[in-house]
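Asks: could you look at this predicted model? Sequence included:
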Amino acid sequence: MAERRTTLSGRSAVPTAPGLGGHVAAERPPALAEHFETLEQQHGVNALGMLVFLGSELMFFGMLFTVYTAYRLRYPEAFAMGSRHLDLALGGINTAVLIISTLMMALAEHSALRGERRWLPRYLALAILLGLLFLGIKGLEYYHHAQEQLLPGFAFSFSGPAAEQVQLFFLLYYAMTGLHAVHLTAGIGVACVMLALAWRGGLLGAEHWPLEMLGLYWNFVDIIWLFLFPLLYLVGRP
Amino acid sequence: MSVEDRNARGEPTTSPRTALVVCAALLILTGVSIAVAHLALGGWNALLTLLIAAVQAVLIGAFYMRIRYAHGLPRLVVVAALLWFAILLAGTLDDVLTRGWVPVLGK
């Protein structure tokens, strides 16, 4: 197997005869697009493209992380006060829900690669359900904030010092969790398409690569949340 | 190791058992993070909870995303993304943290 462990590092993949003539073309695996020579090369390019996309996503979220850091260093007390108004229990449960959904995605990838047709849709469906549960709990939190008049710009009333700065914390809270929720929603949408494909017996074996790309994205969205959780929920707790 | 245990790029895949252990570690670390946040550590809480998040991110990256097997170009993309984020953060903070140090306009 050692010769198959080549990647995009410049070491060339296993050479094949150029795809000229009906005989050679017939031997090409169905999952192999015509502009690639081997499946390995095709998967390597797919993964590279996904990583470049996630790199740009990191800059997208990174801008919010940077603004958050700048203002938290400036108004530490107000950020602690704002954070204490968030529901740590719901936030903690949601973190666990997202972590377990990531496990389901990893198990789905593995069963797809193994060609386990019965298990793949189950793991995918569980990942989707856990993603929806996360969004539901997040929505419940937003609902509670609305009832407590913690909607910056629309209905914000905060009794105590530095109400303006606390409002700034909540503005960042909505922007960061909102952008994260949009990303998770997109992931769930793509996962539903994958579930439909898997239901009909697709995505197995050599055709599993779209699932692996979704897995990369799903994991990235999980990592973003794992940083949002301490930054938003765990400030000023002692 | 059987053929099925490698993906199309020839990388070993994460077994269900390893995935479960990583998931358990992630959940435990979240619990530790919540506990650390409640200790009276005089301002070190934030740094410690972020450090725990970084460990969780490394676990996910290494085992679920399998970045530990990435070589060459994919690895360069990961490093470049983190480096550019660090530049964004450092470039902003060197302004925000040093305002008022020198008597120039715009502080």
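Replies: It's in. Numbers count the residues shown, from 1 in each chain, chains lettered A, B, ... in the order given.
Asks: burial of residue A:42, as a residue count?
Replies: Counted by other CB atoms under 10 Å in any protein chain shown, the residues lying close to residue A:42 total 21. To be clear about C-beta, it is placed using only N, CA and C from the backbone, and glycine gets the same treatment.
Asks: could you find the closest non-adjacent residue to it?
Replies: Leaving aside its sequence neighbours, residue A:42 sits nearest to residue A:36 (CB to CB, 6 or more residues apart in numbering or on different chains; 4.0 Å).
Asks: how close does the one you found get to chain B?
Replies: Here the criterion is CB to the nearest CB, to the nearest Å. By it, residue A:36 lies 11 Å from chain B.
Asks: same check on residue A:66?
Replies: Where chain B is concerned, residue A:66 sits at a distance of 5 Å (CB to the nearest CB).
Asks: which other helices and strands contact the helix or strand that contains that residue?
Replies: Assigned by DSSP states H and E, residue A:66 belongs to helix A:39-74. Applying 3 or more CB pairs under 8 Å, 6 or more residues apart in numbering or on different chains; DSSP states H and E, one finds that helix A:39-74 contacts helix A:163-199, helix A:209-233, helix B:72-96.
Asks: kindly reformat those helices as a markdown table containing distance to residue B:56, mean pLDDT and mean neighbour count.
Replies: Listed next are the helices and strands packed on helix A:39-74 as a markdown table, based on distance: least, CB to CB, whole Å; pLDDT from 0 to 100; neighbours: other CB atoms under 10 Å in any protein chain shown:
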| stretch | distance to residue B:56 | mean pLDDT | mean neighbour count |
| --- | --- | --- | --- |
| helix A:163-199 | 15 | 96 | 18 |
| helix A:209-233 | 5 | 96 | 23 |
| helix B:72-96 | 15 | 93 | 14 |
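Asks: okay, and for the chain, where does confidence drop off?
Replies: Just so you know, I chose chain A. A:1-26 (pLDDT under 70).
Asks: wait, I meant chain B there
Replies: Using pLDDT under 70, chain B drops low at B:1-5, B:7-10, B:106-107.
Asks: on that earlier part again, want to throw the helices and strands packed on helix A:39-74 into a markdown table with distance to residue A:62?
Replies: What follows is the helices and strands packed on helix A:39-74, written out as a markdown table (distance: least, CB to CB, whole Å):
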| stretch | distance to residue A:62 |
| --- | --- |
| helix A:163-199 | 11 |
| helix A:209-233 | 10 |
| helix B:72-96 | 4 |
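Asks: can you tell me which of the ones you listed comes nearest to residue A:89?
Replies: helix A:209-233 (9.8 Å; CB to CB).
Asks: next, the contact list for residue 58, please.
Replies: In the absence of a named chain, this looks at chain A. Counting by CB atoms under 8 Å, 6 or more residues apart in numbering or on different chains, residue A:58 touches A:220, B:81, B:82, B:84, B:85.
Asks: quick check: the gap between the fourth one and residue A:230.
Replies: The one in question is residue B:84. 23 Å (CB to CB, to the nearest Å).
Asks: on that earlier part again, the helix holding residue A:66: how far from the chain's middle?
Replies: 11 Å (CA atoms, centre = their mean, to the nearest Å).
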